[in-house]
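*Asks:* starting from these lines, generate the structure:
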Amino acid sequence: MTADDSYGRLDDDNYPAYTMGRAAEMLGTTQGFLRAIGEARLITPLRSAGGHRRYSRYQLRIAARARELVDRGTPIEAACRIIILEDQLEEAQRINAEYRRTASLHPADT
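*Replies:* Numbers count the residues shown, from 1 in each chain. Alright, predicted model coming up:
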């Protein structure tokens, strides 16, 4: 990837632009916290060619939500599960809304 390609991806929420150290700094947390939510499979950072973890803005938003729950006293494993369930619910609601929209465009024959 050239420098020009990298600049074009800066607006991409899924582009792994942040190192672990920078991500932890931005979130006001530790690198250990990021490792823990990775081990809980809440987020899976991409790896650079050298094997270093890289995080996207989307992943940082998820990590920030986990940190918010943990800061309120929720155990990290439970926080990760809550976020995963919230995400699954949001996806199910999106699919349901799409189904309803499609069904209203094509009512069943009676």
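
*Asks:* what comes up buried for the helix or strand harbouring Arg35?
*Replies:* Arg35 belongs to helix 31-39 when assigned by DSSP states H and E. Judged by neighbour count (16 or more other CB atoms under 10 Å), helix 31-39 contains these buried residues: 33-34, 36-38. Using the backbone N, CA and C atoms, a C-beta is placed for each residue, glycine as well.

*Asks:* would JSON lines of these with distance to Glu90 and pLDDT be doable?
*Replies:* JSON lines is the format used below for the buried residues of helix 31-39 (distance: CB to CB, whole Å; pLDDT from 0 to 100):
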{"residue": "Phe33", "distance to Glu90": "24", "pLDDT": "97"}
{"residue": "Leu34", "distance to Glu90": "23", "pLDDT": "96"}
{"residue": "Ala36", "distance to Glu90": "23", "pLDDT": "95"}
{"residue": "Ile37", "distance to Glu90": "19", "pLDDT": "96"}
{"residue": "Gly38", "distance to Glu90": "21", "pLDDT": "94"}
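
*Asks:* how would you label the closest residue to Arg67 other than its chain neighbours: helix, strand or coil?
*Replies:* Using CB to CB, 6 or more residues apart in numbering and skipping the chain neighbours, the partner closest in space to Arg67 is Thr29 (5.4 Å). Secondary structure state of Thr29, per DSSP: H, G, I helix; E, B strand; the rest coil, is coil.
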